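> Sharing a model that was predicted from the sequence below.
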Amino acid sequence: PRVQVVPATERKGRMQTSSVAVVLLPVAEEADVTLSPAEVRIEISKKSSGPGGQSVNAAHQAVRATHVPSGISVHCTASQSQFENKTKALDMLR
């Protein structure tokens, strides 16, 4: 759908046009999907980036979890902890 609006901050009365898309996706419950450890490949990838001194050179925190039969892959870099990223990646894969 297309949305047209004249913002309150617009002094000359110009109209702004925007478009929007609404997508509804089903959410799988944890009980719906069972993952066998043999079907999941865990890769520890990507060093940290940006400023951070010596820890940037040593810390591998990003985790990629791949469900081998389906080929679905999840990459998680949300936390600075490798363990937390692994847990979140497996939750997202479920």
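That came through, no problem. Numbers count the residues shown, from 1 in each chain.

> Now do the strands in the protein.
2-5, 16-19, 40-47, 60-67, 72-76 (DSSP state E).

> Could you tell me which residues make contact with Arg2?
The contact partners of Arg2, taken as Cβ atoms under 8 Å, 6 or more residues apart in numbering, are Thr17, Ser18, Ser19. The way it works is simple: take the backbone N, C-alpha and C, and place the C-beta from them, glycine included.

> Setting aside sequence neighbours, what's the nearest residue to the second one?
When you say that, I think you mean Ser18. Leaving aside its chain neighbours, Ser18 sits nearest to Val3 (4.8 Å; criterion: Cβ to Cβ, 6 or more residues apart in numbering).

> again with Ser73
Once flanking residues are discounted, Ser73 sits nearest to Thr66: 4.5 Å by Cβ to Cβ, 6+ apart.

> ok, back up a step: go through the strands of the chain and pick out the most buried.
strand 60-67 (a mean of 19; mean count of other Cβ atoms under 10 Å).

> Kindly export it (C-alpha atoms) in PDB.
Taking C-alpha atoms only, strand 60-67 is exported to PDB below (Å, rounded to 0.1, in the frame of the first residue of the first chain):
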ATOM      1  CA  HIS A  60      36.400 -15.400  17.800                       C
ATOM      2  CA  GLN A  61      32.900 -14.700  18.800                       C
ATOM      3  CA  ALA A  62      30.600 -15.100  15.800                       C
ATOM      4  CA  VAL A  63      28.800 -18.400  15.500                       C
ATOM      5  CA  ARG A  64      27.200 -19.900  12.400                       C
ATOM      6  CA  ALA A  65      24.800 -22.900  12.900                       C
ATOM      7  CA  THR A  66      23.900 -24.800   9.800                       C
ATOM      8  CA  HIS A  67      21.100 -27.500   9.600                       C
END
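
> now the angle from it to strand 72-76?
160 degrees (axes from the mean of the first three to the mean of the last three Cα atoms, to 10 degrees).
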